[in-house]
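Q: Sharing a model prediction with you, sequence too.
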Amino acid sequence: MKGIEAKAPAPAQRSEPSRALDFWTPAPALAPYVSGYHFYSIDVGDAGTFSDIFFPAWANIRFTFPSGAWRIKLGNRSFDPVPAAALFGPTSHAGYAAGRSGSLVGAGLTPLGWTRLIGVDASHYADRVVPLEPVVGDEARMIGEALEAGETADALFDAWLLTRLAASEPEPPEVATLFALINDPAIDTVAELCERLDLPQRALVRLAKCHFGFGPKRLLRRARFMRALTRLTKEGKGRWAEEAEQAGYFDQSHFVRDCRLFLGRPLGEFVALPKPLMELSMRQRSRVLGAPAQALHLPPVPALHKSTTN
């Protein structure tokens, strides 16, 4: 991967923004904890600003150049501007982003990665974007300065996150097990999660909120919704009912309610919105990292189950 260009692209003589993005896999030892590295660059040209959409997701660490270039709305919360070095908590709402020319480079964290690399209660950061430095200390500034100086981003992230991983305590085995279960289309009730984890519901709720950001019911709904939405985004309007049913919905009205919950608007309105960066991201992420959206990402199977076989 090339070094990150910290400055905004030179203005272009055209009316539409141009967009570039890429994804990279982390070091093998980080595979259970980091869903991948990503890079976005937008030149708005004569348009002045851009707008696009991010799917509900797990947590992300992100650095933007120049500082203050972008803003984002999650549900009824607006973060304007996004901090130059930011921690995006796990989200249950689509992110509606806008801004001017600039670049963003980041690392996606799985729930296991949140536990090992961040190590605080995820529910305190759910659907929020906060400055990174109060969470990880001066490391945020050092990484930002190294990126701005042109250091290779994936190697820089690997070295930084491997050091944090080595200094952390092993994650509870239940975190990996729950991570696998909530992404299993055959699991659709909290009672099934309790049974498979051998936990009472109250303990399961505490586990889920602390490491995943949300209660188990919300996590199951988000996973089912994202399976349907990513299929529908590819297939188009004519397949809505069929794809929703295949994702686990009993009827289309149930899916419509989840559209309002997770997207903040009806599906037809969401589909009609221009979202070229999101659509390009789905294709590229599938090719490089194996899933069209981070919320559907799973670490390698051996890593997921290693703690339950010891």
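A: That came through, no problem. Just so we're clear, the structure is a prediction, and the values are computed from it rather than from any experiment. Numbering: from 1, shown residues only.
Q: I'd say N183 and L220 touch.
A: No - using C-beta atoms under 8 Å, N183 is not in contact with L220; the gap is 9.6 Å. Every C-beta, even on glycine, is put in place using the N, C-alpha and C of the backbone.
Q: Which one of the two is surrounded by more residues?
A: L220 (23 against 20; other C-beta atoms under 10 Å).
Q: which SSE is H93 in?
A: Under the criterion DSSP states H and E, no helix or strand holds H93.
Q: next one: L162
A: Secondary structure (DSSP H and E) places L162 in helix 153-166.
Q: neighbouring contacts of that helix?
A: 1, 3-4, 24, 26-27, 29-30, 33-34, 37, 39, 105, 107, 116-117, 136, 139, 143, 146-147 (C-beta atoms under 8 Å, 6 or more residues apart in numbering).
Q: can you give me the helices for the stretch 101-250 of the chain?
A: Taking DSSP state H, counting those that start in this stretch as the test, the helices found in the stretch 101-250 of the chain are 111-113, 133-136, 139-148, 153-166, 173-182, 190-197, 201-212, 216-235, 240-246.
Q: Give me the residues contacting the second one.
A: To tie it back to what came earlier, the one meant is helix 133-136. So helix 133-136 is contacted by 85, 87, 118, 120, 140-141, 164 (C-beta under 8 Å, 6+ apart).
Q: As a markdown table, the residues you listed with neighbour count, distance to A97 and pLDDT would be great.
A: Formatted as a markdown table, the contacts of helix 133-136 follow (neighbours: other C-beta atoms under 10 Å; distance: C-beta to C-beta, whole Å; pLDDT from 0 to 100):
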| residue | neighbour count | distance to A97 | pLDDT |
| --- | --- | --- | --- |
| A85 | 23 | 17 | 98 |
| L87 | 24 | 16 | 98 |
| I118 | 20 | 22 | 98 |
| V120 | 12 | 25 | 97 |
| A140 | 21 | 21 | 98 |
| R141 | 14 | 24 | 97 |
| R164 | 17 | 27 | 98 |
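Q: Identify each buried residue in whatever helix or strand H38 lives in, please.
A: Using DSSP H and E, H38 maps to strand 34-43. Applying a neighbour-count criterion of 16 or more other C-beta atoms under 10 Å, one finds 34-43 buried in strand 34-43.
Q: after that strand, next one along is what?
A: With DSSP H and E, the next secondary element past strand 34-43 is strand 50-54.
Q: Could you check how far the residue nearest to S123 when sequence neighbours are not counted is from E174?
A: Of all residues not flanking S123 in the chain, K209 sits nearest, at 4.1 Å (C-beta to C-beta, 6 or more residues apart in numbering). With distances taken as C-beta to C-beta, to the nearest Å, K209 is found 13 Å from E174.
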